[in-house]
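**Q** sequence first, predicted coordinates after that:
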There are 2 protein chains.
Amino acid sequence: MPQTPDHKELPGTTDGRLARGEATKDRVLDAAERCFAAHGFAAVTIRQIAREAEVTLGVVSFHGGSKEVLFGTVLARRTATLNALRTDALNALQARGGITIRDLVDAYLTPYLEIASRGDPQWRAYAQLIARIVSDDQYYMQVRDLYDPVARDFIAEIRCIHPDASAKAVATVLTLTVASMLSIVASRVRIAGLSGEPASESALDYRSTLVDFCTGGIEQALAAH
Amino acid sequence: MPQTPDHKELPGTTDGRLARGEATKDRVLDAAERCFAAHGFAAVTIRQIAREAEVTLGVVSFHGGSKEVLFGTVLARRTATLNALRTDALNALQARGGITIRDLVDAYLTPYLEIASRGDPQWRAYAQLIARIVSDDQYYMQVRDLYDPVARDFIAEIRCIHPDASAKAVATVLTLTVASMLSIVASRVRIAGLSGEPASESALDYRSTLVDFCTGGIEQALAAH
DNA sequence: TGACTTTTTATACGGACGTTCAGATAGTTT
DNA sequence: AAACTATCTGAACGTCCGTATAAAAAGTCA
């Protein structure tokens, strides 16, 4: 381990070596994101990612590490942004007061629907990847770290509105809400097939139906029996 | 193609060659069912299935064909039974009359929850496998053939109750209901993590919460605006 | 310039993959 | 008994996998 000088050298700001490395790394992560989202972890090969990123094989390992590390990096990369959108929406509700179940459902679902509907194909891929891993208990360790903290904040708010509901009932309806939300991204082809109409371009087209469904569902399930 | 004699030979009734072959084939299909349910198609190897079935490698191909054919066989094997349970429940409702949304939700969900809660680990595995493939548009071709016909029957009944709802809205709420149902099997670990309580042994423990959620959701989403 | 670091290339390794098949074994039929 | 068929075994095939690495290329800095 070489001794480092006191002054750390700054990367070339415009077009230097480090900037090039970062750009390549982004290409690799973007390609991995698209591949994992489309086919799932096991079905994707490092060579596919390399081809998709238009780099040679070794570059994927150089910038992304092992396949598992690469997967974890892709998962975590955009989490803070999505969590912030939800937290901001929740904070706005708390500042306003008079929170309803519908408010909470909308605050939780809309950020996801929006990233899933953005023009940016990388955010779309990320939304699809989330739909894959959140609906599979095999990845719960990662989901717990990435998404459960914010989910707990929303659960706490639901419990303020329905203080008599059991902890398990509230956790269940939150999970059902999440599953419904994810299915809008993961099952759009089936909706199209069952309705006979072509699939909507944007996940946001389902927003009002989805929010109605989850709001009515939570209120019905948590109503005193 | 050899000419076959008029009289087809019957298999040995008690313990013959053909009976042994069928038993081995069942062991292979059962093992494949457990493996695919636990890890998904791509993550499972033929050698894993052979080990799980306690047969040698070639036997899997001999009885199951290629990996893709084997997967399709496992998927289709129990579909008729599950479809019949749902159809019977629907027919009973139609004979009685006065069908409510709650009746339809219960008739659709309960057969699945029951097979997911049976003692038989093979039925449990099958329920888990369904949760995997139905929530992934990659497999929609197979889902369409196996499950969409019965789903359409339920959609038709929902439309009798809510004749003004659009085809797309009804297809959407049916899909959301299915996603909620599947998440009870696929996301039980997350529910436990979020609630702080251990996961229930049986999927049927969530039945009333799930039926309430889906009933309230459908009624809210299809209510006239 | 030349020493130094980061990035990229090209290639190779050992292993596991899905599939195939000749031959051994076991059960049935004549 | 012999002839025949279904089942099973064990081994092999060619291919692709994830990962590692030496050497080349590119960029930085003294």
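**A** That came in fine, so what should we check first?
**Q** domain ranges for chain A?
**A** Here the domain parsing of chain A from automatic domain parsing is A:17-74, A:79-222.
**Q** nearest to DNA strand C, out of those?
**A** Among the domains of chain A, the nearest to DNA strand C by Cβ to the nearest atom of the strand is domain A:17-74 (2.2 Å). To be clear about C-beta, it is placed using only N, CA and C from the backbone, and glycine gets the same treatment.
**Q** need the contact list for the residue nearest the centre of chain A.
**A** By Cα atoms, centre = their mean, the mean C-alpha position of chain A lies nearest to A:Ile130, the distance being 4.4 Å. Counting by Cβ atoms under 8 Å, 6 or more residues apart in numbering or on different chains, A:Ile130 makes contact with A:Tyr112, A:Leu182.
**Q** okay, and it sits in which element?
**A** According to DSSP states H and E, A:Ile130 maps onto helix A:121-134.
**Q** mind listing what's buried in that helix?
**A** For helix A:121-134, the buried set under the neighbour-count rule, 16 or more other Cβ atoms under 10 Å in any protein chain shown, comprises A:122-134.
**Q** same check on stretch A:20-40?
**A** Using 16+ other Cβ under 10 Å as the test for burial, stretch A:20-40 gives A:24-25, A:27-38, A:40.
**Q** check A:Met1 and give its pLDDT.
**A** With respect to pLDDT, A:Met1 scores 29.
**Q** swap in A:Glu201?
**A** The model's pLDDT for A:Glu201 equals 89.
**Q** how much space between it and A:Ser195?
**A** To A:Ser195, A:Glu201 is 15 Å away according to Cβ to Cβ, to the nearest Å.
**Q** so these two - more neighbours on which side?
**A** Between A:Glu201 and A:Ser195, counted using other Cβ atoms under 10 Å in any protein chain shown, A:Ser195 has the larger neighbour count: 19 against 9.
**Q** out of everything not next to it in sequence, what's closest to the more buried one?
**A** Nearest residue to A:Ser195, sequence neighbours excluded (Cβ to Cβ, 6 or more residues apart in numbering or on different chains): B:Ala171, at 3.5 Å.
**Q** surely the one you found touches B:Ala156?
**A** No. Counting by Cβ atoms under 8 Å, B:Ala171 stays clear of B:Ala156, with 11.4 Å between them.
**Q** burial-wise, tell me which of the domains of chain A comes out on top.
**A** Stretch with highest mean neighbour count among these: domain A:79-222 (a mean of 19; mean count of other Cβ atoms under 10 Å in any protein chain shown).
**Q** coming back round to it: can I get the domains of chain A in TSV with distance to DNA strand D?
**A** Formatted as TSV, the domains of chain A follow (distance: least, Cβ to the nearest atom of the strand, whole Å):
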stretch	distance to DNA strand D
domain A:17-74	3
domain A:79-222	16
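**Q** okay if I get the ones you listed as a markdown table plus distance to B:Ile191?
**A** Converted to a markdown table, those look like this (distance: least, Cβ to Cβ, whole Å):
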| stretch | distance to B:Ile191 |
| --- | --- |
| domain A:17-74 | 23 |
| domain A:79-222 | 5 |
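**Q** helices or strands up against the lowest-mean-pLDDT helix or strand in chain A?
**A** Of all helical and strand segments in chain A, the minimum by mean pLDDT, DSSP states H and E falls on helix A:17-39, at a mean of 90. Counting contacts by 3 or more Cβ pairs under 8 Å, 6 or more residues apart in numbering or on different chains; DSSP states H and E, helix A:17-39 packs against helix A:46-53, helix A:57-64, helix A:67-77, helix A:121-134.
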